[in-house]
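>>> I'd like to go over a predicted model; first the sequence, then the structure.
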Amino acid sequence: MSGWPTATGSFELGDLPLQAGDLLRGATLRWKTHGTLAPARDNVVLYPTSYAAQHPDLEWLIGPEGVLDPGRWFIVIPDMFGNGLSSSPSNTPDWPGLVTAWD
């Protein structure tokens, strides 16, 4: 397994207004981090998931000497709405009609 710190969690967004004008009730954003945040907070890389992907699907990109090197960067991977980990039709009873990548 990895030799760097990792953490996972959920960020509760509450009722989130969507670009299409609807409301995503009780929105939750799931995330995972790799590496250590620098005291100056200047080493953050945000690498969101793509459609149908979840944070475990991106872990092959993370490692020493690579583009996403957790020894150098604090990598934050938020899971996209609709991917089954963050708010999704499968875990959100009032899933709105249209949730876009913008949201």
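Received the coordinates, thanks.

>>> beta partners for the residue nearest in space to the middle of the chain?
For the chain, the residue sitting closest to the mean C-alpha position, by CA atoms, centre = their mean, is Pro78 at 0.7 Å. Beta-bridge pairing of Pro78 under DSSP bridges involves Trp31.

>>> gap between it and Thr6?
14 Å (CB to CB, to the nearest Å). Where C-beta positions appear, they are placed from N, C-alpha and C, glycine not excepted.

>>> Can you verify my assumption that the residue nearest to the centre of the chain contacts Val45?
No - taking contacts as CB atoms under 8 Å, Pro78 lies outside contact range of Val45: 11.9 Å.

>>> Give me the number of neighbouring residues for the closest residue to Gly35 other than its chain neighbours.
Using CB to CB, 6 or more residues apart in numbering and skipping the chain neighbours, the partner closest in space to Gly35 is Pro70 (3.4 Å). By the measure other CB atoms under 10 Å, the count of residues near Pro70 is 22.

>>> need the contact list for Asp94.
Neighbour list for Asp94: 25-26 [criterion: CB atoms under 8 Å, 6 or more residues apart in numbering].

>>> Then Thr28?
10-13, 86-87.

>>> which of these tops the neighbour count?
Ser87 (28 neighbours).

>>> Helix, strand, or coil at that residue?
Following DSSP: H, G, I helix; E, B strand; the rest coil, Ser87 is assigned to coil.
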